[in-house]
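> from the sequence below, what's the structure:
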Amino acid sequence: MIESPLYVASVGKAFQILDCFKSAPGDLSLSELVERSGMGKSAVQRYAYTLCAEGYLEQNPVTRRYQLGKRVLDFTFHFLRSHTLVEVFNPLMLDLSKASGEKISLSLLDGNELVYAMRHQTKTEHFHASLVGRRVPLYCTAGGRAVLSQLTPDKLDVFFETTPLVSFTPRTITDAQKIRRELNISREKGYSTILDEFIMGEIGLGAAVRDEKGVPYGALHVSGSSNEWSLEAYEQAFAPMLLDAIGQFERRNHY
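Residues are numbered from 1 along each chain as shown. Sure thing, here's the model as predicted:
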C-alpha cells in the first residue's frame, strides 16, 4: 500500500478488485476474487457489490460469477477521444495501413512496457494481440526496442538492472549485451526489427515516437506474418513507409 496521507485506501482496494481481471481467463467467482486480491471475503463482497452497482462489474444471475462491466469501456473511449497524439496519428496510420496492407499500431510508453492505444488490423490472426490496451515488453518487441534505442545511457542501464528478461518464444533474446547490440543497429537505422521473439509467426518493424526534445513516449509499429516474409524483404518493403509516417508526424509537430 502507498504510504501517503493523500492515499485513500478504500479507493485503492476497489481497484485491487478490478485488477484481478487483468490476468483472468474469463469471469471470476467470489472465492477467486478473494484469492486473487488477498482481501477478506466480506470486504471483497462489499467492493464487488458496489462495483456492480456502478456498472464496472457485472454478475451473472445464474452462476453468480463476476466479469468486467461495460462501463469500463467508457474510460477507453474518453482516453482515446481526448488524447492529442492518437488524433494526430490516426490519418497517418490509415494511410500506412492502406499502403502496406499490414497491421499498424500506435503504442504509448508506460514504465517498462508499451500499451497499445490504437490498432488498424488488416488480418485476423492473433486476436488477443490485436486488441487496444494490450501491454508488451520493451526488450523483445520492435516498438519497444525502438524506444529503448532512444534512451540515455543512464536510463538504459537502469532498465537492464531492473527488468527481468524472460523468454516468450524459443527465439526471444534475453542476453542484455545482445539486446544492446540490436539497439545500436536500431539507433542507426531509425527503426527496430523483430522476428518471432514475442509471438511466433510475427514479424515487425517499430519506430520511436518522440517529443520535440527527442524523448520517446511511444512507438509506431508495422507487423505481419513471418510465414509470408523474410526479415530482409519485410524491411525493404515497409521500412521506408514507416519512416515516412514518422517523418510526417515530426514535421507537423502537433503534439
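
> centroid-nearest residue for this protein?
Taking C-alpha atoms, centre = their mean as the criterion, Val115 is the residue nearest the geometric centre of the chain, at 2.3 Å.

> residues touching that residue, list them.
Applying C-beta atoms under 8 Å, 6 or more residues apart in numbering, we find Val115 in contact with 107-108, 133-135. Heads up, the C-betas are built off the backbone N, CA and C, glycines and all.

> beta partners of the closest residue to Val136 other than its chain neighbours?
Spatially, and ignoring its direct neighbours in sequence, Val136 is nearest to Leu114 (5.2 Å; C-beta to C-beta, 6 or more residues apart in numbering). As for beta bridges, Leu114 partners with Leu109, Val136 under DSSP bridges.

> I figured Leu114 was touching Ala142, is that so?
No: shown here, Leu114 and Ala142 do not form a contact pair, counting by C-beta atoms under 8 Å, at 10.1 Å.

> which residues are in contact with each of those two?
For the pair Leu114 and Ala142, residues contacting each of them under the criterion C-beta under 8 Å, 6+ apart are Ala219.

> higher neighbour count, the two?
The neighbour count for Leu114 versus Ala142, taken as other C-beta atoms under 10 Å, is higher for Ala142 (29 against 26).

> that one - nearest residue in space that isn't next to it in sequence?
Leaving aside its chain neighbours, Ala142 sits nearest to Gly206 (3.2 Å; criterion: C-beta to C-beta, 6+ apart).

> thought that neighbour was touching Gly190?
No: here Gly206 lies out of contact with Gly190, judged by C-beta under 8 Å, at a distance of 10.6 Å.
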